[in-house]
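> Sequence and predicted structure are below.
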Amino acid sequence: MRDESQAPVLRELALRVNGVEHALTVDTRVSLLDLLREHLDLTGAKKGCDHGQCGACTVLIDGRRANACLALAVAHYGAEIVTVEGLAENGELHPLQRAFIELDAFQCGYCTPGQLCSAIGMLRELEAGHPSAVTTDGARLSPQEIRERMSGNLCRCGAYANLVPAILGSGS
Amino acid sequence: MRPFEYERAGDAAEAVGLVSRRRGARFLGGGTNLVDLMRLGVETPELLVDVTRLPFDRVEETGDGGLTIGAGVRNSDLAAHPLVRERYPAVSSALLHGASGQLRNLATTGGNLLQRTRCAYFQDVTKPCNKREPGSGCPAREGEHRNLAVLGWSEHCVATHPSDLAVALAAFDATVRVEGPAGARSIPLVDLHRLPGDEPHCDTVLEPDELVVSVELPPLPLAAGSRYVKVRERASFAFALVSLAAALEVRDGVVADVRLALGGVAHRPWRAFRAEESLRGEPATAESFGRAADAELEPARPLRDNGYKLPLARTLIVRTLGELAESA
Amino acid sequence: MSVLAERAVGRPLDRVEGEAKATGEALYAFEHPLDRPAYGALVQSTIASGEIRALDASDALRVQGVLAMVSHGNAPRLQAEGELAVLQSPRVCYRGQIVAAVVADTLEAAREAAQLVRVEYAEESPDVVLRDDHPKLYRPEKVNPAFETDTAQGDLDAGLSAAEHVVDAVYETPAFHNNAMEPHATIAVWADGRLTLYDSTQGASSAGRTIAGVFGLDPEHVRVVSPHVGGGFGSKGTPRQHAVVAVIAAMTTGRAVKLAVTRQQMFALTGYRTPTIQRVRLGADGDGRLLAIAHDVVEQTSTVQEFAEQTAVVTRMMYAAPNRRTTHRLVPLNVPTPSWMRAPGECPGMFALESAIDELSVACGIDPIELRARNDPEVDPENGRRFSSRNLVECLRTGAERFGWADRDPAPATRRDGRWLCGTGVAASTYPVYRRPCRALARREADGSYLVRVAAADIGTGARTALTQIAADTLGVPPGDVRVELGDSAFPAAPVAGGSAGTASWGTAVVKACRLLRDGDGETEESVDTRAEIEAAEQLSRHAFGAQFVEVRVDLETGEIRVPRVLGVFAAGTIVNPKTARSQLIGGMTMGLGMALLEESILDRRFGDYLNRDLAGYHLPTYADLDEIDAIWVEEDDPDLNPIGSKGIGEIGIVGTAAAVANAVYHATGRRHRRLPITPAAVLAG
């Protein structure tokens, strides 16, 4: 029989978030998303479904976009994490952040941090020549490619019509 | 989620040892399905053995023109790999038709193959499910099953296997290399996943302490023109209603060789052996393709609400083969 | 004050909180920083009907870090009825009802412990399936919020039998879930007899009053803070059960308690749109003039409290006809209580009515735009009142021109492009113009800037930005000189963000306060209440109108549908901010596309809950489902609305869209889909 009262398992964890080293002890069950939100006071990455189905938690792990809700924090020791809070540099908004504001690429804003991190990761993938399900010959930035590649980021407000040009404009 | 221990294995043997010594231990890859199921209470491991840093993260050529894919290769990297795109475009395409960009960056090749059904009853621990709790019953058969199996199901389970990748690999005669306490073995991919029968809790023929270390794709020249097509309810980021991996070689208007596998129709990726058999040596025409599809779907037993999958599967087979014949 | 200052209203200002949202600084309910919070997790019933016999929390309480378990056995007695009477009785009325909650030091411990609470039930056979011949069908006294349940004018049967063309069809919509991206969350802080809630709510004032009532607290001692809300679409319009649980947990443990509903739990606990079965009968003469309109609706409610969606109400004012009738019938089932979802009533009702109008246009051989124009009423057909403005026909004509309707061959199933059958469809849209009493405060700061406070909510509508523009124009200053603060029940009381009435209601109060400040004799602060003038407003028929045009491509052999083009044209008075307005209208239409093609909450007929209770099973539209989509509007100067001249735009976008899609699918394929969503399986079934 399993002992139902067993204590949480704690592990040491070191990782960098937005350029800042963190060394802490975490419950093995803590997701990277909850680590950011509940332990590091970085609430930019959002919890929309906690199951990898909405993309609101998307952050960059070692430069690649990933769902922080399905990533166990302990499994990402030594990782370099960038969240929406780390996109601006020296007080200057990232061009994508500016484009989102100017083109009204959000309404409630809850999916926005995930959209931004996902778009940055997506543009890197495109730059590296990664294909998508709609790529026929070469992978080039286009509305159709953006729509396919960004489909892991849901927006219930329905801001897609503005997200596509915002990403298109700042990515080209 | 129950508390669990977490270990990082230095090599495959250590990983296998850690898992085989502990009941309720599981290998952890990208976690995109395992962590999901742990949060639902479907999976309750006591120990996770992280295998993501083992040296199984490469795609390598075999001497004969095939490829060996490390089990830890992320879905996105596999889909983007130039040799995969060149030699087995349906493998790349299948991956790109599955999940989302950010999930593909986490998910591994091995984990993709071992992901579990999305049947809603399986995912809800407050309801019966023979796969989750053997003997508890299968409410899906009489309940909600519009996206469940039409082929190979049993009275105990009507689940479908959700992987897109596995469908393409099944079509191309891939084999899976596993390491276990008793050593290594290779399993043809088409034999990796089981039909539910009366043991639907066993998705595959693997023992819990067997670790997938690689997938081997044999040389298959006709796969260079292969395609993967998928019909789903949402235009992207949704599981297949029906999907198809197909490769065709036509010589002088006659089918010289063909590979077909269906997804979304059964408890395992469904290699369409009957269709293939009926096609070899036949004229590469819509009529032949239709007869092949009918041969494959003949044993299908649709449930109350999923009969639409049969005309859909037939359409995908006939159309895709037609397109391949035209472009050949 | 400069008379030359460019007016802010009508300009496409960026969202004033845009930078906060784009940098992650904007705080949503669960995110307010606290010292050593505790976490709550809910335990839900696993039966749909019956009683809790025993509840064993011993394993849960042994989990390290667990502080308390609350259930009906130990929760404080509440002054609440219906859904908010949480943990008050062993009675279980639907599957997924809250039967207990656990509070712990960590989120992980709370969630684990919640799974370990064991509940024994005396189960009764549940009744969960809506049918139009259900023996428990009844006639509610009113429909949401206070409309007559049934109406009748003239002689319907006579009208139908005199008609040359008759449409008599049943349309069905499934249950839909709002599924805002931010799951409902509450932080409850209970200290010194005062309660502070950080809550995801569409109405801080009403949430505070409601919670105060439930706990018998002085409303002055309850504060609700909600500066940013991650969407609501109606589901955050009233406090939900979890908020009550969070307060109980905070009172029980003395800790600040954070409680978020999981996405799965949202399918039982945070409202949804009722499924509907709607019979529409239309009778028209040879020229397509309607002689009779009937709309009879069957829908569900729970056994916990009544919610009667006003699905047929829209049919009372939409088209002229001498003989008319509307009815609503409910079945109380062992299901969660339905609630508001974007355009409750109009949205499902117009799917049926506008599909039926399209069927009538086919039957009469009259273009659907022309048919609607012929039946456009001079005055509100139900009550004879004057329309403050009614520009439906202008929307239809403008859209027709922009969309390229003139060349349309009405013959169905005749346009093919490869594997696709192509078609276009149109539907009309409408939404009432409401306005509610509101208070506001305007203050001139020492530095010459202005502060406006109103307990409004910005759930993504752009309210903060629109009110900034309205205040700036009233004060005659640039918008940069105005700071609007909202989302706090400590601010002047405001109505909920609902009924597309936010800008009109809050804006009227803001204008009034700013005018007083502008025209006063040096006072630095003015507080106002608009109740008297709103209650004195003339009784007119006030509605926004619109038309959606949709192009579809249908593959009959795979069942796939693609939507390459959507255009909405609206007449909604003054558009305060064209940038945010366009976003909102397109957003509504996007949700309408989801309703048409993707969304459906699938009832488990055996167990009684919604099965596809996550975002992999419940398909919201994503990027790839959209292509070209736009919203425009016609000039409309309506002096009979409010000082701003605006009509609400939050809901009208969704109204009509699903019908336009279904009508386009008919045009493409010749097949009429009267049940939503039109999935590949539905197309393949023919």
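Now that the structure is in, tell me what you want to look at.
> Tell me how many other residues crowd residue 106.
In the absence of a named chain, this looks at chain A. Using other C-beta atoms under 10 Å in any protein chain shown, residue A:106 is surrounded by 26 other residues. (Glycine included, C-beta is placed from N, CA and C.)
> oops, I was thinking of chain B
Each residue near residue B:106 was counted by other C-beta under 10 Å, and the total is 27.
> Check which element follows the helix with the most length in chain A along the chain.
Longest among the helix segments of chain A by residue count, using DSSP state H, is helix A:112-127. Downstream of helix A:112-127, the next assigned helix or strand under DSSP states H and E is helix A:143-149.
> what packs against that following helix?
Applying 3 or more C-beta pairs under 8 Å, 6 or more residues apart in numbering or on different chains; DSSP states H and E, we find helix A:143-149 packed against helix A:112-127, helix A:160-171.
> Next, the buried residues of stretch C:74-85.
C:75, C:78, C:80, C:83-85 (16 or more other C-beta atoms under 10 Å in any protein chain shown).
> Please apply the same query to stretch B:173-187.
Buried positions in stretch B:173-187, judged by neighbour count with 16+ other C-beta under 10 Å: B:173-180, B:187.
> Name the residues that touch it?
B:12-13, B:16-17, B:20, B:113, B:188-190, B:192, B:205-207, B:209-218, B:220, B:259 (C-beta atoms under 8 Å, 6 or more residues apart in numbering or on different chains).
> just how off-centre is that stretch within its chain?
Stretch B:173-187 sits 16 Å away from the centroid of its parent chain (C-alpha atoms, centre = their mean, to the nearest Å).
> Count the residues that sit near the closest residue to chain C within chain A.
Closest residue of chain A to chain C, C-beta to the nearest C-beta: residue A:44 (2.4 Å). Applying other C-beta under 10 Å, we find 25 residues neighbouring residue A:44.
> who's in contact with it?
Residue A:44 touches A:36, A:83-85, A:113, C:23-25, counting by C-beta under 8 Å, 6+ apart.
> same check, this time on residue C:424
Applying C-beta under 8 Å, 6+ apart, the residues near residue C:424 are C:403, C:405, C:408, C:549-552, C:664, C:667.
> Check residue C:96 too.
Counting by C-beta under 8 Å, 6+ apart, residue C:96 touches C:44-45, C:265, C:267-269, C:336, C:609.
> The residues you listed into CSV, with extra columns for secondary structure?
Output for the contacts of residue C:96, formatted as CSV (DSSP: H, G, I helix; E, B strand; the rest coil):
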residue, secondary structure
C:44, strand
C:45, coil
C:265, helix
C:267, helix
C:268, helix
C:269, helix
C:336, coil
C:609, coil
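> ok, now how distant is residue C:25 from residue A:170?
Computed as C-beta to C-beta, to the nearest Å, the residue C:25 to residue A:170 distance reads 20 Å.
> hmm, back to that, how about the residue of chain A closest to chain C: what's its closest non-neighbour residue?
Nearest residue to residue A:44 in three dimensions, chain neighbours excluded: residue C:24, at 2.4 Å (C-beta to C-beta, 6 or more residues apart in numbering or on different chains).
> Quick check, the one you found in contact with residue A:43.
Yes - taking C-beta atoms under 8 Å as the definition, residue C:24 is a contact partner of residue A:43 at 7.0 Å.
> Point me to the residue of chain B nearest chain A.
For chain B, C-beta to the nearest C-beta, closest residue to chain A: residue B:100, 2.3 Å.
> That residue touches residue A:54, doesn't it?
No - Residue B:100 is not in contact with residue A:54 according to C-beta under 8 Å; the separation is 9.5 Å.
> most neighbours, which of the contacts of residue C:96?
If you rank those by neighbour count (other C-beta under 10 Å), residue C:609 sits at the top with 30 neighbours.
> Not counting sequence-adjacent ones, nearest residue to that residue?
residue C:95 (4.0 Å).
> And residue C:176, by the same measure?
Spatial nearest neighbour of residue C:176, excluding adjacent residues (C-beta to C-beta, 6+ apart): residue C:273 at 4.2 Å.
> what's the answer for residue C:274, then?
Once flanking residues are discounted, residue C:274 sits nearest to residue C:338: 3.8 Å by C-beta to C-beta, 6+ apart.
> In three-state terms, how would that neighbour be classified?
Applying three-state DSSP: residue C:338 is coil.
> wait, it sits on residue C:309?
Yes - contact status for residue C:338 versus residue C:309: in contact at 6.6 Å, counting by C-beta under 8 Å.
> neighbour-wise, which of the two wins?
Between residue C:338 and residue C:309, residue C:309 has the larger neighbour count (other C-beta under 10 Å), namely 29 against 25.
> For residue C:155, grab the count of nearby residues.
Residue C:155: 14 neighbours (other C-beta under 10 Å).
> Revised request: answer the last question for residue B:155.
12.
> got it, and residue B:281?
A count of neighbours around residue B:281, defined by other C-beta under 10 Å, yields 11.
> List, one by one, the residues from the stretch 451-600 of chain C near chain A.
C:459-462, C:579-580, C:582-584, C:586-591 (C-beta under 8 Å from any C-beta of the partner chain).
> Tell me which of those fall in helices.
Going by DSSP H, the helices hold C:579-580, C:582-584, C:586-591 from those.
> export those to JSON lines and tack on pLDDT?
What follows is those, written out as JSON lines (pLDDT from 0 to 100):
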{"residue": "C:579", "pLDDT": "98"}
{"residue": "C:580", "pLDDT": "98"}
{"residue": "C:582", "pLDDT": "98"}
{"residue": "C:583", "pLDDT": "98"}
{"residue": "C:584", "pLDDT": "98"}
{"residue": "C:586", "pLDDT": "98"}
{"residue": "C:587", "pLDDT": "98"}
{"residue": "C:588", "pLDDT": "98"}
{"residue": "C:589", "pLDDT": "98"}
{"residue": "C:590", "pLDDT": "98"}
{"residue": "C:591", "pLDDT": "98"}
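> Closest to chain B out of those residues?
Nearest to chain B among those: residue C:590, at 12.9 Å, using C-beta to the nearest C-beta.
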